[in-house]
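**Student:** this is a predicted model, with the sequence first.
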Amino acid sequence: MFSPFPEKLWDRKMAAHLLDRAGFGGTPSEIDALVRMGPVKSVASFIQADDDSDLFTRPELLMPDQRFEYKRREKAALTEEDRQAVRKDLNKAEAASMLNLRLWWLNRMRYTAAPLQEKTTLFWHGHFATSNQKVNDPYLMWQQNDTLRRYALGKFPDMLKAMSRDPAMIRWLDLGQSRKDHPNENFAREIMELFSLGEGNYTERDIRESARAFTGYRINNETGQFHFQERDFDPGTKTFLDKTGNLTGDDIIDAIVAQPQCARFIGKKLWVFFVAENPPEATLSAVAELLLSNGYDIGATLQKIFSSSVFYSPKVVHHQIKSPVQWIMQTTKMLEIPLPDERVLENSLSVLGQVVFAPPNVKGWDGERSWISASSLLYRYNLAAYLLSGKARILGGGNTKTAVIPLEIIAPLSLRGSSDQLLDELAFRVFNYPLPIKDRATYLTYLEKHTTPYSDNVVRDLMQLMMSTPDYQLT
């Protein structure tokens, strides 16, 4: 199942595929650097990338003590008008914090030297699917994002335990309301249905008994940190998945990850996100076996997958629909420009259906074909035109401008005298694979209508033609 990909077949197309799936794409020079490294060292460079957290310090957020002070002022206000004024100021501070947090993470994805860590953080964000619309605290959302990143390529059981203590998750699934005389079953149900086993692989009794084990999990509102309220914990005997004893929340998680079904569930989600949808039974069994054998080591599992021949098969390469975040990251990297203006960026992700820190529901984003509709496809085409031209009116961006693409790098003058050379260079940059004969003929026909050396406008228009195709929506 995981036979290594032959080094003799390693080329620009395969290197680009790894760069796209293990990260957010890159430039031809970055692709060529991987070609020179070979498949083994290339995969290792993603798994063992240096930590660059010091380059992305925490964004400016409303801190717990500041929130506490707003609440104190509201309580002390003498009139309803004064209380409303305090609440208005708090809402304004929260909105600014949320925008700062989104821009911080999007820019981290765009510029990180550890792209697999960020890509896997995005995967876990969709898996645990916590939304600020209910949490209503950007600081708690930042803490969760930091937790996901720290455990992203580590052991899944450790991550699951950390997430059970995560303040944003505690608020998201009402775990803070759970006490021994009235256990709340929301988290107990979702940890099995959505996070580890899948529906139908546990009983209602398992839900009730595990809910008792997670009682006493609390948030300290003054610090925004987890704390365990022992007096609210149910210390009684519990039976869960045929295991009986004075079980704690960690005991419940240990019992869950010991189930082969958990490895199948997590393995399938990893495969669908990084490789291909609808994995066959043999694939699911192989990935599950791998996870069980390495203790759910996500980094080691991905290293095995990214090194395998099946990952580079024709049915996998360039067959995955780009998510909105992937589209924006990959496009700006390919064009060698920064992310667009924050208003355009926020509006684009909202229209395209992937606002980070706001998944649509507890199941996260559906992904794949759900990313594309007639309206979203048209918007992608218009967004490509905006990034290429900077014409903000296309997207209702007022007077905002995008960075000027470096055409002297993308299409140097040395290439503009030959339609074949220019097309080869641009096609690989845009699509990451050689053009089929029919598509090549179409683009050559366009170039033949213009004289050489081709102008900047001709280069931009040719790239826009390429980016306004169904093929560009794939990675």
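**Tutor:** Sure thing, it's come through.
**Student:** can you pull up the most central residue in the chain?
**Tutor:** L122 (2.1 Å; C-alpha atoms, centre = their mean).
**Student:** for that one, list the residues it contacts.
**Tutor:** Contacts for L122 were tallied using C-beta atoms under 8 Å, 6 or more residues apart in numbering; they are 109, 325, 356. In short, each C-beta sits where N, CA and C put it, glycine included.
**Student:** centre of the chain to the helix or strand where it lies, how far?
**Tutor:** Following DSSP states H and E, one finds L122 within helix 115-128. The chain centre lies 4 Å from the centre of helix 115-128; the measure is C-alpha atoms, centre = their mean, to the nearest Å.
**Student:** same question, stretch 294-301
**Tutor:** With C-alpha atoms, centre = their mean, you get 19 Å for stretch 294-301.
**Student:** and if you look at stretch 26-38?
**Tutor:** Distance, centroid of stretch 26-38 to centroid of chain: 23 Å (C-alpha atoms, centre = their mean).
**Student:** give the buried residues for it.
**Tutor:** 26-28, 31, 34-35 (16 or more other C-beta atoms under 10 Å).
**Student:** and stretch 342-352, what's buried?
**Tutor:** Neighbour-count burial for stretch 342-352 [16+ other C-beta under 10 Å]: 344-349, 351-352.
**Student:** lowest-confidence one in these?
**Tutor:** When the buried residues of stretch 342-352 are sorted by pLDDT, the bottom entry is V344 at 88.
**Student:** now the helices for the stretch 301-450 of the chain?
**Tutor:** 324-335, 342-352, 374-389, 407-410, 419-431, 437-447 (DSSP state H, counting those that start in this stretch).
**Student:** before we move on, what about the stretch 101-250 of the chain?
**Tutor:** Here the stretch 101-250 of the chain has its helices, by DSSP H, counting those that start in this stretch, at 115-128, 132-135, 138-151, 156-164, 167-172, 186-193, 204-213, 249-257.
**Student:** helices or strands up against the second one?
**Tutor:** In this structure, helix 132-135 makes packing contacts with helix 138-151, helix 167-172, judged by 3 or more C-beta pairs under 8 Å, 6 or more residues apart in numbering; DSSP states H and E.
**Student:** contact partners of that helix?
**Tutor:** 98, 138, 141, 168, 171-172, 357-358.
**Student:** format those as CSV; extra columns: neighbour count and distance to S293.
**Tutor:** Output for the contacts of helix 132-135, formatted as CSV (neighbours: other C-beta atoms under 10 Å; distance: C-beta to C-beta, whole Å):
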residue, neighbour count, distance to S293
M98, 21, 41
P138, 27, 39
M141, 27, 34
A168, 28, 32
R171, 18, 36
W172, 24, 32
F357, 20, 35
A358, 17, 37
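**Student:** among these, which one lies nearest to K161?
**Tutor:** A168 (15.4 Å; C-beta to C-beta).
**Student:** pLDDT below threshold where in this protein?
**Tutor:** 390-402 (pLDDT under 70).
**Student:** what residue of it is the furthest out?
**Tutor:** Max radial position in the chain (C-alpha atoms, centre = their mean) goes to L78, at 45.6 Å.
**Student:** quick check: it is in a strand.
**Tutor:** No - L78 is assigned coil when assessed by DSSP: H, G, I helix; E, B strand; the rest coil, not a strand.
**Student:** quick one: contacts for L423?
**Tutor:** Going by C-beta under 8 Å, 6+ apart, L423 touches 435, 440, 443-444, 447, 462.
**Student:** out of those, grab the one that's most surrounded.
**Tutor:** Highest neighbour count within the contacts of L423, by other C-beta atoms under 10 Å: L462, with 22 neighbours.
**Student:** need the three-state assignment for that one.
**Tutor:** Quick answer, by three-state DSSP: L462 is helix.
**Student:** okay, and which of the buried residues of stretch 26-38 map to helices?
**Tutor:** Of the buried residues of stretch 26-38, the ones assigned to helices by DSSP state H are 28, 31, 34-35.
**Student:** for the closest residue to D11 other than its chain neighbours, what are its contacts?
**Tutor:** The shortest distance from D11 to any non-neighbouring residue, by C-beta to C-beta, 6 or more residues apart in numbering, is to V35 (6.6 Å). Applying C-beta under 8 Å, 6+ apart, we find V35 in contact with 10-12, 15.
**Student:** closest one to R67 out of the contacts of L423, please.
**Tutor:** Among those, and counting by C-beta to C-beta, the member closest to R67 is L462, at 51.6 Å.
**Student:** identify the residues contacting the closest one.
**Tutor:** So L462 contacts 422-423, 426, 443, 446-447, 454 (C-beta under 8 Å, 6+ apart).
**Student:** quick check: it vs R416, distance?
**Tutor:** From L462 across to R416, the span is 11 Å (C-beta to C-beta, to the nearest Å).
**Student:** for the helix or strand that K268 is a member of, name the packing helices and strands.
**Tutor:** Using DSSP H and E, the element containing K268 is helix 260-274. Here helix 260-274 touches helix 115-128, helix 281-293, helix 298-306, going by 3+ C-beta pairs under 8 Å, 6+ apart.
**Student:** and those, which is most packed in?
**Tutor:** Among the helices and strands packed on helix 260-274, helix 115-128 has the highest mean neighbour count (mean count of other C-beta atoms under 10 Å), at a mean of 23.
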